[in-house]
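**Student:** here is a sequence with its predicted model. Questions after.
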6 protein chains.
Amino acid sequence: MYHHVKELMYTVRIGVPDPRFGNMLLEQFGGANGELAAAMQYSVQGLNCDDPERKDLLMDIGTEELSHLEVVGTLARMHLKPLKDNRKAAHEDPLIAIAGGGGVALFNSMGNAWTADYLKITGELDVDLRSNIAAEARAKIVYERLINFTDEGNYRHSSVPYDSRNYPHEGIYCRARKHGQADLLHWKETSHADLS
Amino acid sequence: MYHHVKELMYTVRIGVPDPRFGNMLLEQFGGANGELAAAMQYSVQGLNCDDPERKDLLMDIGTEELSHLEVVGTLARMHLKPLKDNRKAAHEDPLIAIAGGGGVALFNSMGNAWTADYLKITGELDVDLRSNIAAEARAKIVYERLINFTDEGNYRHSSVPYDSRNYPHEGIYCRARKHGQADLLHWKETSHADLS
Amino acid sequence: MYHHVKELMYTVRIGVPDPRFGNMLLEQFGGANGELAAAMQYSVQGLNCDDPERKDLLMDIGTEELSHLEVVGTLARMHLKPLKDNRKAAHEDPLIAIAGGGGVALFNSMGNAWTADYLKITGELDVDLRSNIAAEARAKIVYERLINFTDEGNYRHSSVPYDSRNYPHEGIYCRARKHGQADLLHWKETSHADLS
Amino acid sequence: MYHHVKELMYTVRIGVPDPRFGNMLLEQFGGANGELAAAMQYSVQGLNCDDPERKDLLMDIGTEELSHLEVVGTLARMHLKPLKDNRKAAHEDPLIAIAGGGGVALFNSMGNAWTADYLKITGELDVDLRSNIAAEARAKIVYERLINFTDEGNYRHSSVPYDSRNYPHEGIYCRARKHGQADLLHWKETSHADLS
Amino acid sequence: MYHHVKELMYTVRIGVPDPRFGNMLLEQFGGANGELAAAMQYSVQGLNCDDPERKDLLMDIGTEELSHLEVVGTLARMHLKPLKDNRKAAHEDPLIAIAGGGGVALFNSMGNAWTADYLKITGELDVDLRSNIAAEARAKIVYERLINFTDEGNYRHSSVPYDSRNYPHEGIYCRARKHGQADLLHWKETSHADLS
Amino acid sequence: MYHHVKELMYTVRIGVPDPRFGNMLLEQFGGANGELAAAMQYSVQGLNCDDPERKDLLMDIGTEELSHLEVVGTLARMHLKPLKDNRKAAHEDPLIAIAGGGGVALFNSMGNAWTADYLKITGELDVDLRSNIAAEARAKIVYERLINFTDEGNYRHSSVPYDSRNYPHEGIYCRARKHGQADLLHWKETSHADLS
């Protein structure tokens, strides 16, 4: 069961709204390697998992990705808001301006709707953990490229905490692949301490 | 920010697994009028909403739909599990058996991947609330049809609680359309009492 | 059965072609809340409807939306024509310029192909009428946003007539939900008078 | 501008509803080589056409395909209606039964939503006429295969008239490719006589 | 069985990389009328063909289209490379820059993923050959429009050889439609001589 | 540049055609984890790769996957052929029977068109190799499940050789991730010896 707290996982602040950058951020929101893809891939694998320890692991990380999704969406919207009224900017992003009123939507940066075809879920845990390792690596490279393309100090500040979760996630999945259940429990406890 | 508790919103139990019914249930899981569509439509509208009261309302209902998604997914998987090993059943549902190992996936009952094209989000709150009223009505009719097609007493038991939330949701959206902010706060408190 | 008359429902004239605006107009042509979506949603509901009065209503409004589609498509094409030969403009809209030769296509403003996933059709008339009310509201907001983004007086002139049909359509669907068949016939006759 | 008359282009009658056959018919309704694809391909080419004679030709044939769409949809629905209440049949076609209430939808026989990606429109008339010749040939082969798979005498009776239009359409497009405008006008008049 | 030689079918050289033109080229790479569509349409028809002569013909032309795909992809990538590091250019093409690191992907010029919905394959050879004639014509018009939009002498040099294959392909398909097997063998030998 | 030899990489023979199994095989043909996905993912990564050794590696494995695609397609078609004429079987697979004439198409087992959204290509080699390791693991599990669901001895015979390439591919990608260029050349030579 899910609960929602009225507080973002990380604080977000921006300087001058930059709609073009806000549009790029949609890669992390509704894109193939973004937070919704991660949240859904891990949570659905969790639903399909019979091993209680790994089920918990997958549901936990999946829930964390939902919190990331919320942060990215909030940040992107701050940057996209001018599209509601600014005609010149709206020309650049007609789908967001005309259809979406300057808000975020579950699209990538080229307006393609998010699709569950992005997900890799076989129901075979060992295989799925490999897919998750790869997914974390892709999410990380998307984040790094976005960092390189921004002057937005605030974005760096907001992004660094949640992005720094990608590396531990990747580690957790690697360890989960190699070891059995008792080890997993141990490492889960250990990594939670590392990441506090 | 989201938290996940290791307990379903509603208990689910089944008698004999029925893969065909489990496949039908995917309409509520990854279908156009299912729980993921509801969760995403309301939550993204919430991200786009500047009015704090309505923002809370949308995020709350969106989060509840995630909990419903979890219940439906768990129930569907219980029914689909035989597909992993049973050849005759697997012929009927090759995508789930071969690609998914007998687990749930974010597809509808005909194996079509969930797509954000199902969502109706304009960023104009009055318009979006109309879309939500319609969405709740559609979710309800899907639920009713599923009820009619099942012998599964347990499904009825599991479904009735969360489906009974559709009607209140519809009411909340209707009231939210008609009245201003102060009224909304009042009715939110009132409806929470009604629905306890 | 359909007949086509070689005359647009509303006259269209433009001043200087504006390819960027023509591209925005595709939201009303091949977009999620545009005229093809409306035409198909209502007409297919009409095919599925057993009640003769409501069937006629749905087929009538669906046919009217086809006429709107024709008007929007003609207008959009007038604005897009320069893309056939103008390299600089073509860079902005390569799909239309290279694949489409400067003509309209059933895409939205970001080149995404129209999909029947945009439609909401359950076969349950009361539910479908709610979906139609929401659809009319969304079409209206798209139209209003396009108006705000254009200098194009002619567009306003062409659009106002067919857009002013959205409000009556919404009213017709609202009344159709609340009342039985005899009432519907009465209001259909009344509204035809109102709208002449 | 379009008008709709409350009378099908061809009468349809069926004996015993056959949901499985009704589902196959969806290939002609919402399938890649069906009537909606034909109607849209020709009509949008017509919108993009500057030559008045060819524009008329394309709009005429496009409109006729809309009338075919209506006939196919009516016929398919007659066959699909039992899915609304019959559980065993509903298992076979869950999307139509659960999501669609036993009605038709713009899907193909495997529940895939119709997409404008099916259309071939380049804006270059000579090229587009070749695409139309091919489209007519494909529609014809789909029709012939459906005929072979049905015991339904009524289907044959209903289908033969509108299918017999495919061959003349193909001829019209072939002639339109080879000859200039004056010739086209002559052949249009001639073929109308042939086909009365 | 396929073999790959480490040498492009045609040499490609460019002057100054032009990311905007590189993006247009994606219409020939991952677009509806591009080389992957041609390669797959002909090769899959070949797999479905029982007539050995025509099977060979289809597999041969399909393989040639794979070589074209390789040439186009190499050329497009040369033009797109600056997107990896150049922020201003990246704004114009965020999907390629952020998700793809400045490389090619199987998208069209608007970032839409290639889909097998682009293909026309009925398994009826006479019908499929008509579809292929139309496909070659469309590929040719896309090529001609790209030529018109480029200053890139090198592109013309690289493109002319492989594009000049479109016309012979169209001829081969026309002849294959009209004549029986013995004739086909004769013409295949003849055309190979023509095209050396 | 590609060459095609008129001989399958592995011989295929079947006993009694089994259309249901043939349909399952489409997961390996046009499915998310099938041979086309593998061929395209590796080949496009190869096009984007600047390192000559890794480029060769990716193009080699990609080409091999095309040969696998040809084998799977041939085998699937042998099983699907009865759908062309057998009405009862056609009911089960209407898309293949009616639209495809009993032949293979680039769909998965539920008739969903192959899409480039299945591919994971970031242009960052280290990340892409992780994605490839995961892809090979998924292809392998699909193969294993198909083996379990078949009585078809011939399928096992045909499949074992090309499936046994999945494990070496996975090994090649693992080694390619960990080591630099000189090592890669060494291991490529070594693995070719292993796999002869």
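**Tutor:** Received, thanks. Numbers count the residues shown, from 1 in each chain, chains lettered A, B, ... in the order given.

**Student:** the longest helix along chain A near chain B anywhere?
**Tutor:** In chain A, with assignment by DSSP state H, the single longest helix is helix A:52-80. Yes. Interface with chain B: helix A:52-80 contributes A:56, A:59, A:60, A:62, A:63, A:64, A:66, A:67, A:70, A:73, A:74, A:77 (C-beta under 8 Å from any C-beta of the partner chain). In this view, the C-beta of every residue, glycine as well, is placed from N, C-alpha and C.

**Student:** so that helix versus helix B:52-80, what angle?
**Tutor:** 150 degrees (axes from the mean of the first three to the mean of the last three C-alpha atoms, to 10 degrees).

**Student:** after helix A:52-80, next one along is what?
**Tutor:** Counting by DSSP states H and E, the next helix or strand C-terminal to helix A:52-80 is helix A:87-92.

**Student:** ok so, going back, for the residues of helix A:52-80 next to chain B, which entry has the maximal number of neighbours?
**Tutor:** For those, neighbours were counted by other C-beta atoms under 10 Å in any protein chain shown; the highest total belongs to residue A:73, with 28 neighbours.

**Student:** okay, now the closest residue to that one other than its chain neighbours: neighbour count?
**Tutor:** Computed as C-beta to C-beta, 6 or more residues apart in numbering or on different chains, the closest residue to residue A:73 that is not its neighbour in sequence is residue B:47, at 4.4 Å. Neighbours of residue B:47 under the rule other C-beta under 10 Å: 22.

**Student:** help me confirm that residue B:47 comes into contact with residue A:104.
**Tutor:** Yes. Judged on C-beta atoms under 8 Å, residue B:47 makes contact with residue A:104 at a distance of 5.8 Å.

**Student:** my guess is residue A:62 contacts residue A:46, does it?
**Tutor:** Yes. Shown here, residue A:62 and residue A:46 form a contact pair, counting by C-beta under 8 Å, at 6.0 Å.

**Student:** ranges for the helices of chain A?
**Tutor:** Going by DSSP H, chain A shows helices at A:19-29, A:35-47, A:52-80, A:87-92, A:94, A:125-148, A:153-163, A:166-178, A:181-195.

**Student:** report the rounded mean pLDDT for the fifth one.
**Tutor:** Helix A:94 carries an average pLDDT of 80.

**Student:** where among the helices of chain A is average confidence lowest?
**Tutor:** helix A:181-195 (a mean of 36).

**Student:** contacts only, for the residue in chain A that chain C sits nearest to.
**Tutor:** Residue of chain A nearest chain C, by C-beta to the nearest C-beta: residue A:111 (3.1 Å). Contacts here follow C-beta atoms under 8 Å, 6 or more residues apart in numbering or on different chains; on that basis residue A:111 touches A:95, A:96, C:108, C:109, C:110, C:111, C:112, E:111.

**Student:** contacts only, for residue A:31.
**Tutor:** With C-beta under 8 Å, 6+ apart, residue A:31 has these contacts: A:37, A:108, A:109, A:114, A:142, E:99.

**Student:** of those residues, which ones also sit close to chain F?
**Tutor:** Within the contacts of residue A:31, those near chain F by C-beta under 8 Å from any C-beta are A:142, E:99.

**Student:** dump the contacts of residue A:31 into JSON lines; add neighbour count and distance to residue D:133 as well.
**Tutor:** Below are these laid out as JSON lines (neighbours: other C-beta atoms under 10 Å in any protein chain shown; distance: C-beta to C-beta, whole Å):
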{"residue": "A:37", "neighbour count": "24", "distance to residue D:133": "42"}
{"residue": "A:108", "neighbour count": "27", "distance to residue D:133": "37"}
{"residue": "A:109", "neighbour count": "28", "distance to residue D:133": "39"}
{"residue": "A:114", "neighbour count": "27", "distance to residue D:133": "38"}
{"residue": "A:142", "neighbour count": "26", "distance to residue D:133": "45"}
{"residue": "E:99", "neighbour count": "27", "distance to residue D:133": "39"}
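
**Student:** could I get the contacts of residue A:31 as TSV with distance to residue A:17?
**Tutor:** As requested, the contacts of residue A:31 are exported to TSV (distance: C-beta to C-beta, whole Å):
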residue	distance to residue A:17
A:37	26
A:108	20
A:109	17
A:114	24
A:142	21
E:99	23
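
**Student:** rewinding a little: elements contacting the longest helix of chain A?
**Tutor:** helix A:19-29, helix A:35-47, helix A:153-163, helix A:166-178, helix A:181-195, strand B:2-4, helix B:35-47 (3 or more C-beta pairs under 8 Å, 6 or more residues apart in numbering or on different chains; DSSP states H and E).

**Student:** can you do 6 Å?
**Tutor:** helix A:19-29, helix A:35-47, helix A:153-163, helix A:181-195, strand B:2-4 (3 or more C-beta pairs under 6 Å, 6 or more residues apart in numbering or on different chains; DSSP states H and E).

**Student:** specify the angle between that helix and helix A:125-148 in degrees.
**Tutor:** 20 degrees.

**Student:** mind checking how far helix A:52-80 is from the chain centre?
**Tutor:** 6 Å (C-alpha atoms, centre = their mean, to the nearest Å).

**Student:** state the distance from the closest residue to residue A:78 other than its chain neighbours to chain D.
**Tutor:** Of all residues not flanking residue A:78 in the chain, residue A:14 sits nearest, at 4.9 Å (C-beta to C-beta, 6+ apart). Here residue A:14 is placed at a distance of 37 Å from chain D (C-beta to the nearest C-beta, to the nearest Å).

**Student:** ok, residue A:14 touching residue A:76?
**Tutor:** No. The criterion here is C-beta atoms under 6 Å, and residue A:14 misses it with residue A:76 at 10.2 Å.

**Student:** contact residues of chain A facing chain F?
**Tutor:** Contact residues (C-beta under 6 Å from any C-beta of the partner chain) of chain A with chain F: A:115, A:117, A:122, A:124, A:127, A:130, A:131, A:134, A:137, A:138, A:141.

**Student:** burial count for the third one?
**Tutor:** Put plainly, it is residue A:122. 27.

**Student:** so what's the residue of chain A found nearest chain E up against?
**Tutor:** Minimum separation of chain A from chain E (C-beta to the nearest C-beta) falls at residue A:110, amounting to 3.1 Å. By C-beta atoms under 6 Å, 6 or more residues apart in numbering or on different chains, residue A:110 lies in contact with E:95, E:111.

**Student:** excluding chain neighbours, give the residue nearest to the residue nearest the centre of chain A in space.
**Tutor:** The residue lying closest to the centre of chain A (C-alpha atoms, centre = their mean) is residue A:35, at 2.0 Å. Distances taken as C-beta to C-beta, 6+ apart put residue A:69 closest to residue A:35, at 3.9 Å, once the chain neighbours are dropped.

**Student:** how far away is the one you found from residue A:136?
**Tutor:** According to C-beta to C-beta, to the nearest Å, residue A:69 and residue A:136 sit 15 Å apart.

**Student:** give me the more crowded residue out of the two.
**Tutor:** Set side by side, residue A:69 and residue A:136 show more neighbours around residue A:69, with 28 against 25, by other C-beta under 10 Å.

**Student:** contacts only, for the residue nearest to the centre of chain A.
**Tutor:** A:28, A:65, A:68, A:69, A:72.

**Student:** so how far is residue A:39 from the fourth one?
**Tutor:** Computed with C-beta to C-beta, the distance linking residue A:69 and residue A:39 is 6 Å.

**Student:** and for residue A:49?
**Tutor:** 16 Å.

**Student:** what about residue A:16, how many residues nearby?
**Tutor:** Other residues close to residue A:16 by other C-beta under 10 Å number 8.

**Student:** and if you look at residue A:8?
**Tutor:** Neighbour tally, residue A:8, other C-beta under 10 Å: 17.

**Student:** burial of the residue lying closest to it once chain neighbours are set aside, as a residue count?
**Tutor:** Leaving aside its chain neighbours, residue A:8 sits nearest to residue A:71 (5.4 Å; criterion: C-beta to C-beta, 6+ apart). As a burial measure, residue A:71 scores 22 neighbours (other C-beta under 10 Å).

**Student:** how about the residues of chain A by chain C?
**Tutor:** A:87, A:90, A:91, A:94, A:95, A:98, A:99, A:111.
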